[in-house]
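**Q** Need coordinates for the following:
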Amino acid sequence: GSSGSSGMEPHKVVPLSKPHPPVVGKVTHHSIELYWDLEQKEKRQGPQEQWLRFSIEEEDPKMHSYGVIYTGYATRHVVEGLEPRTLYKFRLKVTSPSGEYEYSPVVSVATTRESGPSSG
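**A** Purely as a prediction, here's the structure:
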């Protein structure tokens, strides 16, 4: 019988602060650019498994649940293949190397209407 002590670890784990919602970049009728920069660039030293990992989740309006559409270490993602004039909801999930995670507030983005044949 090993004593399963659930006490505090000696090394201090910095808790994750709630991330800001993704910033909306270029929006077209079929794509939405999202980017986020959580002032984590100074932490990007050493092996990649010690970096924060980001996930972008999109709400499924029918299911009222979120599906992951991107996971990785980049701070930018373009969501493509969308419908014109449709409202989409995204949130950012930040996962620390220790496995903790935090969700950002949800950001709502509407795609533009499909541009006609006019060249502009």
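
**Q** Tell me where the model's unsure across this protein.
**A** Within the chain, the stretches with pLDDT under 70 are 1-14, 38-44, 117-120.

**Q** so what's the residue nearest the centre of it up against?
**A** Note on the chain: the residue nearest the mean C-alpha position is residue 92, at 2.7 Å, using C-alpha atoms, centre = their mean. Taking C-beta atoms under 8 Å, 6 or more residues apart in numbering, we find residue 92 in contact with 19, 20, 21, 22, 36, 54, 55, 56, 57, 103, 104. Where you see a C-beta, it was placed from the backbone N, CA and C, and this is true even at glycine.

**Q** ok, and the closest non-adjacent residue to the third one?
**A** Excluding the flanking residues, the one nearest residue 21 by C-beta to C-beta, 6 or more residues apart in numbering is residue 107, at 4.1 Å.

**Q** starting at the chain centroid, how far to stretch 26-33?
**A** Taking C-alpha atoms, centre = their mean, to the nearest Å, the mean C-alpha location of stretch 26-33 is offset from the chain mean by 16 Å.

**Q** Flag every buried residue along it.
**A** Within stretch 26-33, the residues scored as buried using 16 or more other C-beta atoms under 10 Å are 27, 32, 33.

**Q** tell me which of the residues you listed is nearest to residue 81?
**A** Lowest distance from residue 81 to the buried residues of stretch 26-33 (C-beta to C-beta) belongs to residue 32, with 10.5 Å.

**Q** That concludes my questions; thank you for your assistance.
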